[in-house]
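1. pasted the sequence and its predicted model underneath.
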Amino acid sequence: MIQRLKLLASIIGILLTVVLPGCKKSDTGGGETEFSFMYKGQIYNYSVVNNISNAGVGKTTDGTIFLNINFPDEFGGAIYYQPGCAYLAPELTSIKLEPGCTLSEIEVSGDSVPIDSEKVFLYQSGSLNVSFSNCEDHTGYDPFTNQNYTYTICDANGTFDLTLVNKNDSTIKITNGVVKNFHVQF
């Protein structure tokens, strides 16, 4: 019995020295993650539901910083924002963004039609000041393509605010936006 306890203690000791170091928090970032903003006097915080985030920041392949906030209960859709261009895409609506912040709606048939500027709120003003640091390159494996791929994880930090307006002069005004130690994968 004592030998079994010693063997069990040895196995637990080995597991703790091998497994726990792999579970430590990544050195990327450090500190608590925050994504928050104020709308109509209420503070909203980033959250993850069923591994799907409802807000975030990132960079496109050409390096353009962007932000998205998907709160259909509050806004009736998702907000997409990059410097100088932002819009609210109503829920169940597919919006196509073209150069110069030209927007069109994509119908089920695939045809492009003008947006409904009563439902689609457009950029009026705002600022998006986000920087990326503590970037680490990683590799992964895609079992569907049987290929390895590389990706980068960085910490995003910064501030944002945004005002959107529709053709009826209704506004969506987001203020006091904060991005802090927000982990982003490219």
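-> Thanks, I have it.

2. looks to me like Gly126 is in a strand.
-> Yes: the assignment for Gly126 is a strand, going by DSSP: H, G, I helix; E, B strand; the rest coil.

3. ok, and the closest non-adjacent residue to it?
-> Excluding its sequence neighbours, the residue lying closest to Gly126 (Cβ to Cβ, 6 or more residues apart in numbering) is Leu162, at 3.7 Å. Heads up, the C-betas are built off the backbone N, CA and C, glycines and all.

4. wait, isn't that neighbour in contact with Tyr81?
-> Yes: because the distance of 5.7 Å satisfies Cβ atoms under 8 Å, Leu162 is recorded as touching Tyr81.

5. mind listing the shared neighbours of these two?
-> Common neighbours of Leu162 and Tyr81, using Cβ atoms under 8 Å, 6 or more residues apart in numbering, are Tyr123, Gly126, Leu128.

6. pLDDT wise, what is the first one at?
-> This means Tyr123. pLDDT, Tyr123: 89.

7. partner strands of the host helix or strand of it and their direction?
-> With secondary structure defined by DSSP states H and E, Tyr123 is part of strand 121-142. As defined by DSSP bridges, the strand partners of strand 121-142 come to strand 85-90 (antiparallel), strand 147-165 (antiparallel).

8. as CSV, those strands with mean neighbour count, distance to Asn45 and mean pLDDT would be great.
-> Output for the strands paired with strand 121-142, formatted as CSV (neighbours: other Cβ atoms under 10 Å; distance: least, Cβ to Cβ, whole Å; pLDDT from 0 to 100):
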stretch, mean neighbour count, distance to Asn45, mean pLDDT
strand 85-90, 22, 20, 89
strand 147-165, 16, 14, 89
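
9. could you dump those strands into CSV and include distance to Glu107?
-> Shown next, in CSV, are those (distance: least, Cβ to Cβ, whole Å):
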stretch, distance to Glu107
strand 85-90, 14
strand 147-165, 23
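
10. which one of those strands lies nearest to Met38?
-> Closest of the strands paired with strand 121-142 to Met38 is strand 147-165, at 9.0 Å (criterion: Cβ to Cβ).

11. buried set for the strand holding Tyr123?
-> Phe121, Leu122, Tyr123, Gly126, Leu128, Val130, Phe132, Asn134 (16 or more other Cβ atoms under 10 Å).
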